[in-house]
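Novice: Generate coordinates for the sequence data below:
(2 chains)
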Amino acid sequence: MGTPLPTPGVGPSPDHSGGACASCALSPASSRLGLDPGRYDHVVALAGNPNTGKSTVFNALTGLRQHVGNWAGKTVARAEGGFSYGGAGYRIVDLPGTYSLLSTSTDEDVARDVLLFGRPDVVVVVVDATRLERNLPLVLQIRQITGRVVVALNLVDEARRHGITVDTRHLTRELGVPVVATAARRGEGLPDLLAAIAQVATADDPPAPLRLVHRDPALERAVAELAAQVEARFPGVPNSRWVALRLLEGDAGIEEAVRTGTLGDLAEVDGTAPLHAVSDPQERSA
Amino acid sequence: MTLDELPRGQRAVVTALDLRGGERRRLMDLGLLPGAAIRADMTSPLGDPTAYEVRGALVVLRRGQARTVHVEQAGTGEG
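Specialist: Predicted coordinates for the structure are as follows:
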């Protein structure tokens, strides 16, 4: 536990004792999603496949301060709680367990909309260390949406029993975001997880969303062309290629967001960013 | 060959999915991607559906779905 966290692209932040969000205007999208930061400094979304110990991580982080809420207009229940760390208040939202953000189920829509339009300060993706391979597609999908990600490599105690050790440093390098080994039910790794969450939450320069280049030239051309149009219509959208790919797939939710202009909320990065406690004026110049 | 022809207990590697749209997406999300190792685990008494082990989990497919998954049997002797 004395080892420093491998955290590429996320330098140790200068003193951010929170409170920066007091001046943030709350976007209509985020309040519609129920992500009112209120008196919290940072919003953390908890994502992951089903049965990865996501709820155990949630309970370990929040202690007894959790309660169950409901999405406005949705039947899918979500859990919400809070904790404080390093003098800052965190609100944590437990998303439905999903294998993907791309299929057409309500759970996946909820998770996807929160990640995309709620713009949490940190997304903690809980993965099962004993079945890492089947958990990584979701990590990849979330990395395409945001760079503000911490991977909680959970159930490492069980993995150890199966003779599995995961090279977290290597994984951190490959994914470009911190990977923290945890065994949430024993409290193992939680201090490291909290430190990583705080680091990403206050990072001035988080890693950019992952850009996947498609091997099929026709697809690549289509994505590039459509992404350029998305950027022209919604300047500053951080993940235009991802949006373009969804449109090509015929994703109804994204089509709707383009039609109604909700997608533009994504572009409001500076100052008006709904949930970002740290505004970063130079960001998005790239 | 296609996955529905894979005998029980035998291993193979997924080579292609003969599907489009949401159903293809779903199978991919469940781990059936080209290159994934798969094993026919057990078959229901009537022979359909069949449970397959993929990446540490069991995925149950109907014969019609399994027929859309192209596989190459792993190994020659053991496979």
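
Novice: which stretches of chain B have low pLDDT?
Specialist: B:75-79 (pLDDT under 70).

Novice: Can you list the residue ranges for strands in it?
Specialist: Remark: strands assigned in chain B by DSSP state E are B:11-17, B:37-43, B:50-54, B:57-61, B:69-73.

Novice: Using a markdown table, lay out those strands together with distance to chain A.
Specialist: C-beta coordinates here come from the backbone N, C-alpha and C atoms, glycine included. Formatted as a markdown table, the strands of chain B follow (distance: least, CB to the nearest CB, whole Å):
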| stretch | distance to chain A |
| --- | --- |
| strand B:11-17 | 13 |
| strand B:37-43 | 10 |
| strand B:50-54 | 8 |
| strand B:57-61 | 6 |
| strand B:69-73 | 16 |
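
Novice: Tell me how many other residues crowd the closest residue to A:His214 other than its chain neighbours.
Specialist: Spatial nearest neighbour of A:His214, excluding adjacent residues (CB to CB, 6 or more residues apart in numbering or on different chains): A:Glu220 at 4.5 Å. Look at A:Glu220: counted by other CB atoms under 10 Å in any protein chain shown, it has 14 neighbours.

Novice: doesn't A:Glu220 fall inside a helix?
Specialist: Yes. Counting by DSSP: H, G, I helix; E, B strand; the rest coil, A:Glu220 is part of a helix.

Novice: quick one, what contacts the nearest residue to A:Glu188 once chain neighbours are set aside?
Specialist: Excluding the flanking residues, the one nearest A:Glu188 by CB to CB, 6+ apart is A:Thr182, at 6.1 Å. Applying CB atoms under 8 Å, 6 or more residues apart in numbering or on different chains, we find A:Thr182 in contact with A:57, A:152-154, A:156, A:188-190, A:192-193.

Novice: and if you look at A:Leu247?
Specialist: A:226, A:230, A:254-255, A:258.

Novice: all strands for the stretch 51-200 of chain A, in order.
Specialist: Along the stretch 51-200 of chain A, counting by DSSP state E, counting those that start in this stretch, strands occupy A:67-70, A:77-85, A:88-94, A:122-128, A:149-154, A:179-181.

Novice: Just the mean pLDDT for the fifth one, thanks.
Specialist: When you say that, I think you mean strand A:149-154. Averaged across strand A:149-154, pLDDT comes to 97.

Novice: what's the angle between that strand and strand A:122-128?
Specialist: Computed by axes from the mean of the first three to the mean of the last three CA atoms, to 10 degrees, the angle separating strand A:149-154 from strand A:122-128 equals 30 degrees.

Novice: Keeping just the C-alphas, turn strand A:149-154 into CSV.
Specialist: Extracted in CSV, the C-alpha atoms of strand A:149-154 (Å, rounded to 0.1, in the frame of the first residue of the first chain):
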residue,chain,number,x,y,z
VAL,A,149,-11.8,6.8,-15.5
VAL,A,150,-10.4,4.7,-12.6
VAL,A,151,-10.5,0.9,-13.0
ALA,A,152,-11.1,-1.0,-9.8
LEU,A,153,-9.7,-4.4,-10.4
ASN,A,154,-11.9,-6.1,-7.9
